[in-house]
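Engineer: take this sequence and fold it.
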Amino acid sequence: MEEEKKKSKAKIIIPIVLAVIVIAGGAAWYLSRVETKLGRAGYDKAQIEIIKTLFSEEEQQALIEAEAQPDIITVAQSDRYQKEHFADYLKDLGSGKNASEVLNDYDPWVITLRGTEGYNEENLDLYLYSRKDGTAEDAAYTVNYVNMTLLYSKASDYDAKLFEAYEKYRAKAPDKTPEEIVFHVGKSRDYLDETYFIDAYLEKYEAYRAKNPDKTLEEVVRAVNSGIDKPFYTEMAETDMSKGYLIIVNKYNKLPEGYTPKLESLSGYGNGYMEPTAAAAFRKMVEAGREAGVSLRSLSPYRSHSLQTWQYQFWVDAHGQEMADRESARPGSSEHETGLAVDINTAVEESHFERTPEYAWLMEHCWEYGFIIRYREETEYITGYVFEPWHYRYVGVEHAEKIMKLGITYEEYYAYYINNPDYPETGGPAE
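Structural biologist: Okay, here's the model as predicted:
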């Protein structure tokens, strides 16, 4: 019985062992046969060992059938290798291309790059070094970044960390050469942290700074933007009337000769007249003040050119021109001639309007009706006028809110947000 069991096991085991031997032998035969054929195809032993680990049996057969292309090993070892393009790689290598070329030809990122404006085949390695996700936007950024960096880097004071600043300035000054852009940004970098810095005024900032080395950068920017880098009433220009109720009239900008605005009576709300839009806003403000328990009235709104001439001369005769220029505007340079300004309740320093509930209410609410306090305390060096807590100017609600919250003069606001040469199409930066 025991003998029969042993014979039975032998019958089972022997075929299995024979099968294993046959398979192993077949495999060995196949491998030896493949190695032989690969050798005959032109690959050396070291290459054949690598091929056996990198490629499938089907791919090995393709290598055997084609002329030896050792570069296919380099291709397959690349992190850019795409298995589905094996046949394409092999065919292109056979036509004389090298490993780098065939990898580029089927790389989706390279294909995207090649369809991008400004692409330069000579810079491909740099584009690849700056590789992104592969979108058209990524490709456009990469091509521009590499191309412009190569141009900027030719300038002696090039700084890679300032690339975005170079590009920002190039967008504003497209006619500048890369060398000029690098030079400009290098000089302006001191000012980049200044909120109201305007690129177009860099040379003015530097000139004013050279004459006033004790000034801080903030003071330099405020001075140049406001125009006070030159004496009051010099280099007078006619104000840009296309700005509508945002026109600026001061000691550098005057109204056109003979200008007279449309006017509307303020009857019932004080004396005189104002420009219709400003008049309507003033009436609403007075009514809101009444509801809040404060009394507001127009004392001196619009003044004709002849009246302003008389008033200014009165101040000159009474106090001399120096004092007159601090207290009154020269004819043609007065906001009262625009119909957009109004003196509320008083126009006398001795009345100390700034100590009244009316003033406190105006400081909190005037912007809600489109008005700003025009001549702030401690800003005479910018505006040229002493503190006038009674003088308010209509600029519209949107702008009045910003000006009052920023706490800056209209000169500064106008320069940066209304008439900024860095933004020729809009006049100022988008909020």
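
Engineer: show the pLDDT at Ala19.
Structural biologist: Note for Ala19: predicted pLDDT of 55.

Engineer: nope, Gly26 is what I was after
Structural biologist: As predicted, Gly26 sits at a pLDDT of 50.

Engineer: before we move on, what about Val22?
Structural biologist: 49.

Engineer: what's near enough to touch the closest residue to Phe197 other than its chain neighbours?
Structural biologist: Spatial nearest neighbour of Phe197, excluding adjacent residues (Cβ to Cβ, 6 or more residues apart in numbering): Tyr191 at 4.4 Å. No exception for glycine: its C-beta is placed from N, CA and C like everyone else's. Residues in contact with Tyr191 (Cβ atoms under 8 Å, 6 or more residues apart in numbering) are 197, 202, 205, 217, 221.

Engineer: show me the shaky parts of the protein.
Structural biologist: 1-32, 431 (pLDDT under 70).

Engineer: domain map for it?
Structural biologist: 16-106, 107-152, 237-418 (automatic domain parsing).

Engineer: export these to a markdown table and tack on mean neighbour count?
Structural biologist: What follows is the domains of the chain, written out as a markdown table (neighbours: other Cβ atoms under 10 Å):
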| stretch | mean neighbour count |
| --- | --- |
| domain 16-106 | 15 |
| domain 107-152 | 16 |
| domain 237-418 | 18 |
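
Engineer: where's the most centrally placed residue in the chain, which helix or strand?
Structural biologist: With distances taken as Cα atoms, centre = their mean, Lys168 lies nearest the centre of the chain, 6.5 Å away. Element membership for Lys168 (DSSP states H and E) is helix 163-172.

Engineer: the closest residue in space to Pro357 that isn't next to it in sequence in helix, strand or coil?
Structural biologist: Ranked by Cβ to Cβ, 6+ apart and with sequence neighbours excluded, the top spatial neighbour of Pro357 is Val294, at 5.4 Å. Three-state assignment for Val294 (DSSP: H, G, I helix; E, B strand; the rest coil): coil.

Engineer: could we number from 27 for the rest of this?
Structural biologist: I'll keep to 27 as the first residue from here, and by that count the last item is Val320.

Engineer: measure Val320 to Glu380 for me?
Structural biologist: Plainly put, Val320 is 14 Å away from Glu380 if you go by Cβ to Cβ, to the nearest Å.

Engineer: would you map the strands across the stretch 127-276 of the chain?
Structural biologist: With DSSP state E, counting those that start in this stretch, the ranges of strands along the stretch 127-276 of the chain come out as 263-264.

Engineer: so which residues of the stretch 277-426 of the chain form helices?
Structural biologist: Here the stretch 277-426 of the chain has its helices, by DSSP state H, counting those that start in this stretch, at 302-317, 331-345, 347-353, 383-391, 406-409, 423-432.

Engineer: distance to Glu290 for these - can I get that in TSV?
Structural biologist: Output for those, formatted as TSV (distance: least, Cβ to Cβ, whole Å):
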stretch	distance to Glu290
helix 302-317	4
helix 331-345	18
helix 347-353	28
helix 383-391	21
helix 406-409	27
helix 423-432	19
